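[1] Need coordinates for the below:
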Amino acid sequence: MISFLLELESLFLCLSSGELLLIDCKGEDVEDVGIVEGSLAAAAWSPDGEILALVSGQGNLLLMNMEWEVLSEVCLHQAMSLSVVGEENGSTVVSNVAVSWRGDGQYFAVLGELNAMRTLSIWERESCSLHSTGDTTNLVGRALAWQPNGRHIYATCNCDGHLSMKLFEKNGLGHGSFDLPSQGCVGQAIWSLDSQLLALVVEPSERGSMPWKVQVWRRSNWHWYLKHERCFATGCQGLQLLWDEEAGTQQLHILTGRGGYCCLSFVLDADVSHMGTAAVVDGHKVLMTPFRHMVMPPPLSAAKVQFLDPIQCLAFRNGAPREALAVVMSTGKMGFVECPVEDQWDHPDLLQDPSEDNSEECNMATVSGMVIHEVELADVIGAARHMVWLHENRVLVVGAPPLGSANSGDVCVEVEICDRKGDVGYRGAVSVRASPQLGHQICRMVDVPGASVLQLDNGSLIKYAAEHQQSPFPTVAGFPVLCPHMCCLVVPQASGLPQAHVVGLTDKGQLYFDATAISGHVTSMLVRRSGAGGVFLAFVTGSNELHIVPYAELQGSGTEGFKTTQSSASRRVSGYKAVRRSGPTQDMHAAMRPPATVTNQTDLHIRQVEQGSRLVASPPGTSKVILQMTRGNLETVCPRVLVLCAICDALQQKGYAEAWRLATSNRVDLNVLVDYRWPAFVVEADIFVAEVDNEEDICDMMMALKPGSTLQEGGLYADFLSPTVQTPVVPEERLIGGKIPAICRAIRTAVQNAGKGTYLKAVVMSHARNAPPDLKNALQCIRDAREAEVTSEKPDVVVNGGQDGLPAGRSGEALAGLMLHVDAEKLYREALGMYDLELAYMVVTHAQRDPGEYLLELQAFSAMHPLAYQKHQIDLHLKRYELALHNLVAAGDAFFEKAVDLAKEQGLMRDLLGLVDADSNKRKVVLMAYGEWLEGRGMLEDAGTAYLATGREDMAIESYRAAGQWRTALMLANRQGWSKRAVTDMAHKLYEDLRASGRLSEAASVALDYLQDTDDAVVLLAEARQWQEAVHIAYRQGRGDLVETTVAPAAAECATTLLSDFREAEQRVSRYFERLKDVRAKRIAMEAVVGETGDTLAGALEDRDGAGEDASTVAGMSMYTDRTAAGTTVASTASVSALTVGGRKPQRRKGKNKGLKIRQGSPEEEATLCAHLINLCPTRQMCEEVGQLTELLILLGHERDARVLQQSLGALVSAQQRAADDIAQNPPPAGIPGARASSKACVNNTGVGDVRWKWDILRAVRCDTPLGA
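    Purely as a prediction, here's the structure:
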């Protein structure tokens, strides 16, 4: 055993003589660290490099640490209770021993022959005690490998001459096996670090008879596949294998007995043709499955192609009418097989006689691959790595030269497949040329039309055509790094020449489109080459998301009918173009507050898949993407973006059957079928009915209809699809009512025109799904069909008398279908509303409810007479009171009193009045009842009118008096000839009522005109602040003394109050205005700072908490208050003292303007200040009142007081106007809180306007001349 000790930087050797040597890699000094007595049979270091397990030639098991101290020593035959059978001295004979550790180093297995007895034992590391033993029957050789993940132990078995690998569990029990196709024995078995690949060295049974072989096996879906076999020439005995210990790599190092070395790098890839046929290599067989026609998980397949030897590499011929497969076998021979019809590999012309196939897959179609004669690649290529088709009959094979060859570069071999030589194969011609790219290997090859693209190990790309013609790839020079996974994306162009792009995936998960990195953390990718929507790139990320990206988006341009919003694009990993770097502030904001449009919107290009899924294929012409799970089975998904493209393509071709199949099988909103080419569906409904041709599906289509469009803004697919512009012209009358009624009418007409007599359910559903639902006509159709069933002997007779031409014989089925979408109770009530008791009972019987619950009710209705009264009771039950009243009146005079009571109860007096308009006697009765009903509801004036219509003026007078209509009441009293005293008494009552209700000016009119009380009239007018009228009445009645005693004191008090309010309001305007300027300046400064991060001030303000608000509301006070919160403003004072017809208005509720309270430091402070400044403008009524008051003050000789009052109001108006003009020029931003309320206040404010309130003699005097001049 030879191993490298990293910590000691030395090479450790275990010699069969028992010597343990340590060679310093720097100084090349040899140190003898120990010796094992009796020779050494096997040795192995633990995975952590801490423990060395040794088996001596005497059968002892030793464990040593890195200080070369023996930790444990156990005698194998004693520990396993084996009898000593050997030489006469009782010694143990040990041979063919192998030791293998479990990946975690806690257990190790020992396989060998003790005294000619095969043993397999599992030992514990800590105690060096025997854990278990395994059944060693038929075990041969010394190959032993414990899977690093600890699942199974693998050893070689020979049963009936068949070589196989047997699996053991930790407890020693067997766990199955798999056969090896080679003859001989297994000299070494070694696992890759990820437990995915098992490498075997197969030694020939006889020296020199067969080549040595290295086989690589992989297990998937409970089947073992021979994925690679490499043969070494005779004489390369003693092959040694070692997997690279670097995590994430699958490199196998091979060392031959002659000192030859090679390294094989393995990449898990899917071989899928452009037609979607998958090929799975399994030794000398290729499992073929055309995914366009079927999906079968390997090891199942549609057919298997058998060749003579295990396959090293293969290539599909693409671009030809028929698929073909070329392979290179491990012996250097080439094979070829061609499909007779496109991609139908299970075609009978290819199959051999099943009786000749004795394999376990005898039920699988078997195809025999042909050998290409005159082609022996073993002489020019050590092992083929890649192959690709250059032309319809020409293949390019690339590989390393044979071991020991002087050529250091890759060898390119062109093989021309010539004519067929009967049933024995094809004739071929070979053209060999060494690659001129010295210093680089060809790592990947993909085919493009007429050539192939070669990727070198540095990521460079070369276009290779036939006859060894090489040129740089036209689109891009190469990838920045090596991409083990590569595919070509070919897009047709308008010029006719296709444009090719390359897509590469590195082993680190970086995905490149040409030379641009478009995503990271990608695990697999593929190209959907053709089909609806064009070319798409699909890839799966480490977060288990499947991304489907259209070619147009990769190029950064849009296509017709396809849109990509910023929100959907931002959700994709790294974007599909290079991601722009943003500043640290922007990144911080994005991390703390992700945009709502990004987190809430579903992206049709992305879907979740099962963990560990890998992309396999996307068959052209389909909307399917096939993935392989970690356990090996296949799953087919239909990404929404591909499905929608396929649906739109079918709709463009009027293929409603295909569009329906795609939409229903993939749970797509069925409204897409209507919205995409709207309103084409209205005129193509007959095509839809003919193609779908299923009544249930037609009904489902109508029930899925929704208002609006799924493609318009806010629709489900608005960010992906746009309505096509090429739609037929549809008459406007066919679109009346909107989308749902138009579609229902169109489908109803189409099924009627079909004339099959089988679409009753569809006709019924077209009425029920209408907007609004027309359940009456739906039930009418069912009733007509039911009547036809009863009267007709033929089950499918069409009723010609109905408006819909309905088929008979299916009424019950149609009703049952209707109940799937409409509540049974609703249908029962609708049937009752049609006054059809039999139909209502039919609904009950089909509703899976107890008919007894409804039978008594229906019997009670049936027993009622006359028919109008029966209808009345049904309407009353259904709470259709208007119809109930109509039917009750129609039932006759006997039910008239009930009709009046019903009208009073349900507020239908006006309807009842219209029903008895022709009968004067009934009309008077109804009017009297109408008046009483109005009086009871507080509508006293209307009640008085009703009483007047009946001639009851006495009752009308009382109603008008109670309503406060004093003029009408007094007019009617005089009309009735009341006495003067009676009129005066009523006038006195009216006076008291008006004064109590605040209608002071009207009370003054009653006092003056009917009570002749001038004193009270003047007092009331002064209280109402109608100064001109008060003075006018006083002097007209010869009571000038009232001006001095009543009007003047009231005017003085009012002037004092107003003057104080004006001065206070002016101070408030000044204070608010200054604060507004300060807040605005701070806001502008904040916008300048926040704007650097790309955010908005509104977004910044949303992040603030309410601390600023709470800090300014202590004890209900703030910097803006100079009194308690109960104080009033000029605006409120003005509203109280405004001139109205009825006097002073009642005060508003104090809490109404609570939302405009100013809070210092709050986000809405600026907007609230603006609103307050606008609201501080005096009202028009206030200005008019001041105008009258100043005129009265001048009349009373108080000109100075009048001037002070007018100028104080003028100063307030001027200050407020300046603030309003400033706000109009600098309004608060719309995004900040409270801006909407501020804008509303500006709109509602009308200002003083053109009100005449300033007297010229009272205006302020400007003195421009200096005093004393």
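[2] what about the nearest residue to residue 124 once chain neighbours are set aside, distance to residue 110?
    Leaving aside its sequence neighbours, residue 124 sits nearest to residue 131 (C-beta to C-beta, 6 or more residues apart in numbering; 5.2 Å). Where you see a C-beta, it was placed from the backbone N, CA and C, and this is true even at glycine. Residue 131 sits 11 Å away from residue 110, going by C-beta to C-beta, to the nearest Å.
[3] which neighbours do these two share?
    Overlap of the contact sets of residue 131 and residue 110 (by C-beta atoms under 8 Å, 6 or more residues apart in numbering) consists of residue 123.
[4] Please, where are all the helices along the stretch 951-1100 of the chain?
    Taking DSSP state H, counting those that start in this stretch to define them, one finds helices in the stretch 951-1100 of the chain at 953-963, 966-975, 980-996, 1000-1009, 1014-1023, 1027-1036, 1041-1042, 1048-1090, 1097-1102.
[5] ok so, going back, in which helix or strand does the residue nearest to residue 124 reside?
    Here residue 131, judged by DSSP states H and E, is contained in strand 130-134.
[6] in its sheet, what does that strand sit against?
    Using DSSP bridges, the strands paired with strand 130-134 in its sheet are strand 117-124 (antiparallel).
[7] Looking at residue 131 and residue 110, which one has more neighbours?
    Remark: of residue 131 and residue 110, residue 110 carries more neighbours, 25 against 17, as counted by other C-beta atoms under 10 Å.
[8] Surely that one is in a strand?
    Yes - the assignment for residue 110 by DSSP: H, G, I helix; E, B strand; the rest coil puts it in a strand.
[9] ok, what's across the strand from the nearest residue to it once chain neighbours are set aside?
    The shortest distance from residue 110 to any non-neighbouring residue, by C-beta to C-beta, 6+ apart, is to residue 121 (5.1 Å). Counting by DSSP bridges, residue 121 forms beta bridges with residue 110, residue 133.
[10] 767 is where my numbering starts, stick with that
    Got it, the first residue is 767 from now on, which makes the last one we talked about residue 887.
[11] Now do the contacts for residue 887.
    By C-beta under 8 Å, 6+ apart, residue 887 lies in contact with 842, 845-846, 875-876, 896, 898-900.
[12] Same list, those, but as TSV with pLDDT please.
    Converted to TSV, the contacts of residue 887 look like this (pLDDT from 0 to 100):
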residue	pLDDT
842	85
845	78
846	75
875	95
876	94
896	93
898	92
899	92
900	89
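[13] quick one: which of these is most hemmed in?
    When neighbours are taken as other C-beta under 10 Å, the top entry among the contacts of residue 887 is residue 875 (27 neighbours).
[14] who are the neighbours in contact with it?
    Contact analysis of residue 875 by C-beta under 8 Å, 6+ apart lists 865-866, 868, 886-889, 910, 912, 919, 934.
[15] so which of the residues you listed comes closest to residue 2022?
    residue 868 (111.6 Å; C-beta to C-beta).
[16] Next SSE downstream of the strand holding residue 897?
    Per DSSP H and E, strand 896-900 leads on to strand 905-912 as the next helix or strand towards the C-terminus.
[17] Give me the buried positions along the very next helix or strand once past that next one.
    Downstream of strand 905-912, the next assigned helix or strand under DSSP H and E is strand 919-925. Of all the residues in strand 919-925, those buried under the rule 16 or more other C-beta atoms under 10 Å are 919-924.
[18] For the stretch 967-1116 of the chain, give me the ranges with low pLDDT.
    Along the stretch 967-1116 of the chain, the model assigns pLDDT under 70 to residues 973-975, 1001, 1013-1014, 1115-1116.
[19] what about the strands in it?
    Remark: strands assigned in the stretch 967-1116 of the chain by DSSP state E, counting those that start in this stretch are 978-986, 989-998, 1006-1009, 1017-1021, 1027-1031, 1037-1038, 1043-1048, 1051-1056, 1069-1072, 1077-1083, 1090-1095, 1100-1104.
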